[in-house]
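Trainee: Here is my input, please return the structure:
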Amino acid sequence: MTETSETVGVAMPREVETIQGKPCRSCGTLLPLDARACSCGALTDNATFRERAEFEVKQWRAYKERATAESA
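Mentor: From the prediction side, this is the model:
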């Protein structure tokens, strides 16, 4: 068998992304290509700079709250 005949009918990872969507990096949920965030809260590559900045600040504040609760 030749190499090409073994892979006929198998979608490559990049092809699957363009057909179905792109998986979330955190939870693996399949997202539409134009999604900016996943239901788990993780941002995608489509998120704007402002959305990313707000996300980072929110994470930092949650971390600070946990750190102060643990030390008290």
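Trainee: So Asp45: helix, strand or coil?
Mentor: coil (DSSP: H, G, I helix; E, B strand; the rest coil).
Trainee: Check the gap between it and Leu31 for me.
Mentor: Counting by C-beta to C-beta, to the nearest Å, the separation of Asp45 from Leu31 is 10 Å. C-beta here means a position set from N, CA and C on the backbone, and glycine is covered the same way.
Trainee: likewise Ser71?
Mentor: Between Ser71 and Leu31 the computed distance is 37 Å (C-beta to C-beta).
Trainee: The two: which is more packed in?
Mentor: Using other C-beta atoms under 10 Å, the more surrounded residue of Ser71 and Leu31 is Leu31, with 20 against 6.
Trainee: residues making contact with the longest helix along the chain?
Mentor: With residue count as the measure and DSSP state H as the assignment, the chain has helix 49-71 as its longest helix. Counting by C-beta atoms under 8 Å, 6 or more residues apart in numbering, the neighbours of helix 49-71 from elsewhere in the structure are 36-37, 41, 43, 47.
Trainee: So, low pLDDT: which residues of this structure?
Mentor: Screening the chain residue by residue with the criterion pLDDT under 70, one finds the ranges 1-19.
Trainee: related to what we said a few turns ago, dump the contacts of helix 49-71 into TSV; add neighbour count as well.
Mentor: As requested, the contacts of helix 49-71 are arranged in TSV below (neighbours: other C-beta atoms under 10 Å):
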residue	neighbour count
Arg36	14
Ala37	15
Gly41	12
Leu43	19
Ala47	16
